[in-house]
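1. please find the sequence and the predicted model below.
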Amino acid sequence: MRTLFALVFACSLALVPCGGRAAETTPFELNAIAPLTGTGTFVGKEIAESLGVLEQFVNKQGGINGRPVKFVIYDDQTNPQIGVQLANEILAKKPSIILGPGIVAVCSAVAALTAANGPMQYCFSPGIHPVKGTYVFSSAVSTVDQMGAALNYFRLRGLTKIAIITSTDASGQDAENAFNEDLALPENKSLNVVDREHFNTSDVSVAAQMVRIKAANPQVLIAWSTGTPAGTLLRGVKETGLDVPILTTSGNLTYTQMQQYASFMPKELYFPTVPSVGEVQVADKATRDQINAYHAALATAGLRADYPRASAWDPALIVISAFRKLGMNASATQIRDYIANLKGWTGINGPYDFRAVPQRGLDVKGAVVVRWDVAKGTWIGVSRPGGTPL
């Protein structure tokens, strides 16, 4: 009787299959696209590692209704054309969802295939801004809100003279658009843009731009590009002798990059990001519990939390929650509608409300500012949610 009760209890929790049928042992595949090579390698490697840990994490919990999950990751080489080719290859399998890609340009290219009619796409980059009701969703806090939190932080510290240099690719263009949008807000009227510069991601030097920036005498420099071009920017800052706080994109918030940039690391390097990285104060207990479980799962693989790993974690878990609720034969429309109406689901980036924030679930209240601490070898939180300095 005790054995029967245990079996019924496990069935009710979906830990074992119900109805007397044998468990399906063939993994349920979820297709993901990420930049495993190319200029976005830093991001893609972290995403792949995160999904690998998450796969084990979910399967220890019984997978999806007793069936194991497997993430199949395709390398887009940080190339939009290849991303589209891979997406078409995946579309031929008639999936209900595609996870990724991880870089703005590739996400946007794939979204052109999925937005109107599906399958559902959950992009790992915060730099795309899907239209409400489409089949495309975007990870974490948007770049507009991340930039907004950063500008709040610097303004409230009394640092109002800002220079900005962005790459000419999609990531840089999105950053400049976000900067312009936030700059137009009434609370930012005291901010003064002393110089704007641009560079190509293939450039090996930004010396000329940095000379002009230094001459403009900024109090803060926003140096925005993702991946290896960010190294070119930081090296240019060092060579020019520019000694001001530097803000860069959360896409560069990786331990690998911090190690590789150690010889030309600025004194103050800041990132707008989500609360699941580094030493960040999180007041909400439910969020803190999720972060602790996430950190523990990463630790089993010898990994630490950084932004690209975080960018994939919640989206993949949200999608898995949809399949657990709707079944593995759920259509793209069913999954889209489930997520679009999700409210109160809490992950490592906080509580989500997709009704209030369509296609994303998080707003500026989920953004914090962190600083790389060389002595501690990690990021430390320097702001409250929304950018108010600690």
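-> Structure received.

2. just the C-alphas of the helix or strand hosting A293, formatted as PDB.
-> Using DSSP states H and E, the element containing A293 is helix 285-300. C-alpha atoms of helix 285-300 as PDB (Å, rounded to 0.1, in the frame of the first residue of the first chain):
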ATOM      1  CA  LYS A 285      13.000  36.200  -1.400                       C
ATOM      2  CA  ALA A 286      11.500  34.200  -4.300                       C
ATOM      3  CA  THR A 287      14.000  35.700  -6.700                       C
ATOM      4  CA  ARG A 288      16.800  35.100  -4.300                       C
ATOM      5  CA  ASP A 289      15.800  31.500  -3.900                       C
ATOM      6  CA  GLN A 290      15.900  31.100  -7.700                       C
ATOM      7  CA  ILE A 291      19.300  32.800  -7.900                       C
ATOM      8  CA  ASN A 292      20.700  30.500  -5.200                       C
ATOM      9  CA  ALA A 293      19.500  27.400  -7.100                       C
ATOM     10  CA  TYR A 294      20.900  28.700 -10.300                       C
ATOM     11  CA  HIS A 295      24.300  29.500  -8.700                       C
ATOM     12  CA  ALA A 296      24.400  26.000  -7.200                       C
ATOM     13  CA  ALA A 297      23.600  24.300 -10.500                       C
ATOM     14  CA  LEU A 298      26.300  26.200 -12.200                       C
ATOM     15  CA  ALA A 299      28.800  25.300  -9.400                       C
ATOM     16  CA  THR A 300      28.200  21.600 -10.100                       C
END
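
3. buried residues in the next helix or strand along the chain from that helix?
-> As assigned by DSSP H and E, the chain's next helix or strand after helix 285-300 is helix 307-326. For helix 307-326, the neighbour count (16 or more other CB atoms under 10 Å) marks 307-324 as buried. C-betas here are computed from N, CA, C, even on glycine.

4. who are the contact partners of the residue nearest in space to the middle of the chain?
-> Nearest to the geometric centre of the chain sits S311, at 3.0 Å (CA atoms, centre = their mean). Contact analysis of S311 by CB atoms under 8 Å, 6 or more residues apart in numbering lists I47, S50, G102, F124, S125, P126, S139, A140.

5. could you rerun that using 7 Å?
-> I47, F124, S139, A140 (CB atoms under 7 Å, 6 or more residues apart in numbering).

6. same check on V206?
-> V206 neighbours (CB under 7 Å, 6+ apart): I165, F199, T232, L233, G236.

7. which of these fall within helices?
-> T232, L233, G236 (DSSP state H).

8. quick one: buried residues of stretch 229-247?
-> So for stretch 229-247, counting by 16+ other CB under 10 Å, buried means 229-238, 240, 242, 244-247.

9. so what's the gap between that stretch and the chain middle?
-> Distance, stretch centre to chain centre, for stretch 229-247: 23 Å (CA atoms, centre = their mean, to the nearest Å).

10. mind splitting the protein into its structural domains?
-> 16-142+285-366, 143-279+369-381 (automatic domain parsing).

11. make JSON lines out of the ones you listed and add mean pLDDT.
-> Below are those laid out as JSON lines (pLDDT from 0 to 100):
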{"stretch": "domain 16-142+285-366", "mean pLDDT": "94"}
{"stretch": "domain 143-279+369-381", "mean pLDDT": "96"}
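
12. and those domains: which comes nearest P389?
-> Nearest to P389, of all those, is domain 143-279+369-381, at 5.4 Å by CB to CB.

13. over to the closest one now: how far is its first residue from its last?
-> Domain 143-279+369-381 has an end-to-end distance of 18 Å (criterion: CA to CA, to the nearest Å).

14. looks to me like E197 is in a strand.
-> Yes: assigned with DSSP: H, G, I helix; E, B strand; the rest coil, E197 falls within a strand.

15. ok, it - contacts?
-> By CB under 7 Å, 6+ apart, the contact set of E197 is I165, Q209, R212, I213.

16. and it, how far from V144?
-> E197 sits 21 Å away from V144, going by CB to CB, to the nearest Å.

17. repeat for S263
-> 33 Å.

18. picking up where we left off before, including neighbour count, distance to P351 and secondary structure, could the contacts of E197 go into TSV?
-> Below are the contacts of E197 laid out as TSV (neighbours: other CB atoms under 10 Å; distance: CB to CB, whole Å; DSSP: H, G, I helix; E, B strand; the rest coil):
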residue	neighbour count	distance to P351	secondary structure
I165	25	35	strand
Q209	21	41	helix
R212	14	44	helix
I213	25	39	helix
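
19. reformat those as CSV; add distance to Q85.
-> Compiled in CSV, the contacts of E197 are given as follows (distance: CB to CB, whole Å):
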residue, distance to Q85
I165, 32
Q209, 34
R212, 40
I213, 39
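
20. list just the nearest of those residues to I335.
-> The closest of these, once distances to I335 are taken by CB to CB, is I165, at 39.5 Å.

21. quickly list what that closest one is bridged to.
-> I165 has these beta-bridge partners by DSSP bridges: E197, A223.

22. any idea how far D203 is from it?
-> 11 Å.

23. could I get the domains of the chain as JSON lines with distance to G387?
-> Below are the domains of the chain laid out as JSON lines (distance: least, CB to CB, whole Å):
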{"stretch": "domain 16-142+285-366", "distance to G387": "8"}
{"stretch": "domain 143-279+369-381", "distance to G387": "3"}
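
24. so for L390, which of those sits nearest?
-> Among these, the nearest to L390 by CB to CB is domain 143-279+369-381 (6.8 Å).

25. over to the closest residue to D363 other than its chain neighbours. Which of the three states is it?
-> Spatially, and ignoring its direct neighbours in sequence, D363 is nearest to V357 (5.1 Å; CB to CB, 6 or more residues apart in numbering). Secondary structure assignment for V357 (three-state DSSP): coil.

26. what is the nearest of the buried residues of stretch 229-247 to N65?
-> Among these, and counting by CB to CB, the member closest to N65 is A230, at 41.9 Å.
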